[in-house]
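A.B. asks: generate coordinates for the sequence data below:
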Amino acid sequence: MAKKRKKKKWFFLPKAKKKRRIYFMLLLVFLTLIALTVAMNQSMTTKKDQIIYQDEAKQKQLKIWAPFAQKMQYKYRIFASISLAQAILESDWNQSSLSKDYNNLYGIKASASQAGVVVPTKEYEDGHWITVDQKFASYKTWQESMEAHAQLISKGTHWNPNQYEHVLAAKNYQAAAQALVQDGYATDPTYAAKLVAVIETWNLKRFDLAVKMGDVTS
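C.D. replies: Take a look at the predicted model:
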């Protein structure tokens, strides 16, 4: 009669207490590493899902804004990519209180006779940032805000109708971004670089019309 074969154990447990202690410590470390790996993978997946969701929300916002920005380019000769990049940068993708509560996408200041709201804002003066209270314009719709911005670039300020002549004369978005700083639109010395980065990150150039028509009535 054949002898029964002994089943081999799938693990070996040391008999000595000291070795057993080491064994369980190593096992604990191993299980901890597995748990950390699983947790990291879950965290990375969650972050990736959040990024995808945020990107989808931003693309959706672009689809809303872009056609009107193109209309503004056709009418006022300001690149659609510049209008969009400034709206994104100034309103933080329509998340700022000015844009959400007052439809002011560009942080445009209110005139003395214009309806507006006073809020604190940062300005770059004498080589450093300061916080000051400013009166900002309030609009009924975001379209009204985008057109007010385009009109400002096209027609200039009441003290200088040619305030933004270099922006209008620019042949591409890079030159237009630099011209906004040159012509005094923003006090931030890195404003042009920020605009170009936004345009290139989101490929906003695809919304620019081939020809800047200029002052065509809608």
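A.B. asks: list the buried residues in stretch 193-200.
C.D. replies: For stretch 193-200, the neighbour count (16 or more other C-beta atoms under 10 Å) marks Lys194, Leu195, Val196, Val198, Ile199 as buried. C-beta coordinates here come from the backbone N, C-alpha and C atoms, glycine included.
A.B. asks: wait, I meant stretch 134-149
C.D. replies: Phe136, Ala137, Ser138, Tyr139, Trp142, Ser145, Met146, Glu147, Ala148, His149.
A.B. asks: which one of the residues you listed sits closest to Asp101?
C.D. replies: Ser138 (8.5 Å; C-beta to C-beta).
A.B. asks: from Ser154, how far out is that closest one?
C.D. replies: 21 Å (C-beta to C-beta, to the nearest Å).
A.B. asks: what strand or helix carries the closest residue to Asp188 other than its chain neighbours?
C.D. replies: Distances taken as C-beta to C-beta, 6 or more residues apart in numbering place Tyr124 nearest to Asp188, at 5.3 Å, with adjacent residues excluded. Using DSSP states H and E, Tyr124 falls within strand 116-125.
A.B. asks: go on, Ile130?
C.D. replies: Here Ile130 is assigned to strand 128-137, by DSSP H and E.
A.B. asks: and whichever helix or strand comes after that strand, what does it pack against?
C.D. replies: Following strand 128-137 in sequence order, the next helix or strand is helix 142-155 (DSSP H and E). Contact partners of helix 142-155 among helices and strands, from 3 or more C-beta pairs under 8 Å, 6 or more residues apart in numbering; DSSP states H and E: helix 17-76, helix 80-91, helix 165-169.
A.B. asks: so Ala110 touches Gly116, yeah?
C.D. replies: Yes - contact criterion C-beta atoms under 8 Å: Ala110 and Gly116 qualify, at 3.0 Å.
A.B. asks: what touches both of the two?
C.D. replies: Lys135, Phe136, Ala137, Ser138 (C-beta atoms under 8 Å, 6 or more residues apart in numbering).
A.B. asks: distance of Asp101 relative to Gln182?
C.D. replies: 32 Å.
A.B. asks: now do Ile82
C.D. replies: Relative to Gln182, and taking C-beta to C-beta, Ile82 is found at 14 Å.
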